[in-house]
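A predicted structure for the sequence below; I have some questions about it.
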Amino acid sequence: MKLLILGGTVFLGRHTVEAALNRGHEVTLFNRGQHNPELFPQVEKLRGDRNGDLSALKGQRWDAVIDPSGYVPRLVADSAKLLADAVEHYTFVSSLSAYADFAEPNQNEDAPLATMDDPTVEEVTGETYGPLKVLCEQAAQVAMPGRVAVIRPGLIVGPHDPTDRFTYWPVRVAKGGHILAPAPAEYPVEFTDVRDLAEWMVGLAEKRVAGVFNASGPDERATLGGLLESCRAVGGNGGELVWVDEEFLQTNEIQPWSQLPLWIGNGPEYAGFSRYDCSRAIATGLTFRPVAETVAATLDWAATRPVDHQWRAGLTPEREEELLELWSGG
């Protein structure tokens, strides 16, 4: 298969290239060459910019395209229209944030979608990210009706994750000591190893499978407590988990998701968060490796980063120590 990937050098795109090459496909990358340009010297690289310079894509053909880098509907529309006669199949990576709310557990792909008052807005913020992804989905589907696979993942995790939203926990637990964690231990979590997602998407492109798919795992319901115990087992450290309640965290102005990754709060408006129906994707071949494998690979990769790496998520050691002292009454 001749496969075009829009992007292809950062996280999901990077792993998608690796999956495609491992399966024997001929890969072409289209990007600006600004991130990890040294990667994949064996593949064709077309330089351009989705915002105004798509000329390198003209006059060529591929069997399929995978788009993990679309955030603005206008730019997705431009790419999809240009490629409509050049490819048979288009995979667009959207998000579970495309849904209107998180209040209902086990939402499937037919649940109500997010909207915004002004669809011409292109600035990506916490409020516009989901609605913009919806409009991107629709732009691709209009350009290639019946030929688009829309992928709605939740938290994507594993090696080369630039967000630190999962990496924080394996690394923090491996350090040991008293580890602050948001109660309850039974708090539900969902995440997908980037390698599993990439492998599955390439498989969909091979078979030209169209449709909309929630794509979040593991295949058995996971909890934060279970994840942290896996981190303890893999990291080989006897650190002690200190579970603190939501009222304490709110009183001390701890930001869900960013300062304590995977946790967004216990309110009814989040009853469906990390509880999506992904049976449609599983039926088409999406599988989930054991959590311990993801934790181990994440730790191995994290160990290769500079010692002065600036974390983008999680508590600083100083803030965590301060909170633990407050919690214990010290």
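It's in.

all strands of this structure, in order?
Under the criterion DSSP state E, strands of the chain are mapped to 2-6, 26-31, 44-47, 64-67, 89-93, 148-153, 156-157, 178-182, 188-189, 192-193, 211-215, 222-223, 240-244.

tell me the mean pLDDT over the first one?
Average pLDDT, strand 2-6: 98.

what is it packed up against?
helix 12-22, strand 26-31, strand 64-67 (3 or more C-beta pairs under 8 Å, 6 or more residues apart in numbering; DSSP states H and E). In this view, the C-beta of every residue, glycine as well, is placed from N, C-alpha and C.

who wins for proximity to residue 47 among the ones you listed?
Each of the helices and strands packed on strand 2-6 has some distance to residue 47 by C-beta to C-beta; the shortest is strand 26-31, at 7.3 Å.

direction included, what does that closest one pair up with?
Here strand 26-31 has these sheet partners by DSSP bridges: strand 2-6 (parallel), strand 44-47 (parallel).

tabulate the ones you listed (JSON lines), appending mean neighbour count and distance to residue 211.
What follows is these, written out as JSON lines (neighbours: other C-beta atoms under 10 Å; distance: least, C-beta to C-beta, whole Å):
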{"stretch": "strand 2-6", "mean neighbour count": "25", "distance to residue 211": "19"}
{"stretch": "strand 44-47", "mean neighbour count": "15", "distance to residue 211": "28"}
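
now render the ones you listed as JSON lines, adding distance to residue 61.
Converted to JSON lines, those look like this (distance: least, C-beta to C-beta, whole Å):
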{"stretch": "strand 2-6", "distance to residue 61": "7"}
{"stretch": "strand 44-47", "distance to residue 61": "13"}
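
what's the closest of the ones you listed to residue 78?
Of the strands paired with strand 26-31, nearest to residue 78 by C-beta to C-beta is strand 2-6, at 11.2 Å.

now the closest one and helix 12-22, what's the angle there?
Using axes from the mean of the first three to the mean of the last three C-alpha atoms, to 10 degrees, the direction of strand 2-6 lies 170 degrees away from that of helix 12-22.

could you check the angle strand 89-93 makes with strand 2-6?
Using the same axes, to 10 degrees: strand 2-6 against strand 89-93 is 30 degrees.

what about strand 2-6, distance to the chain center?
20 Å (C-alpha atoms, centre = their mean, to the nearest Å).
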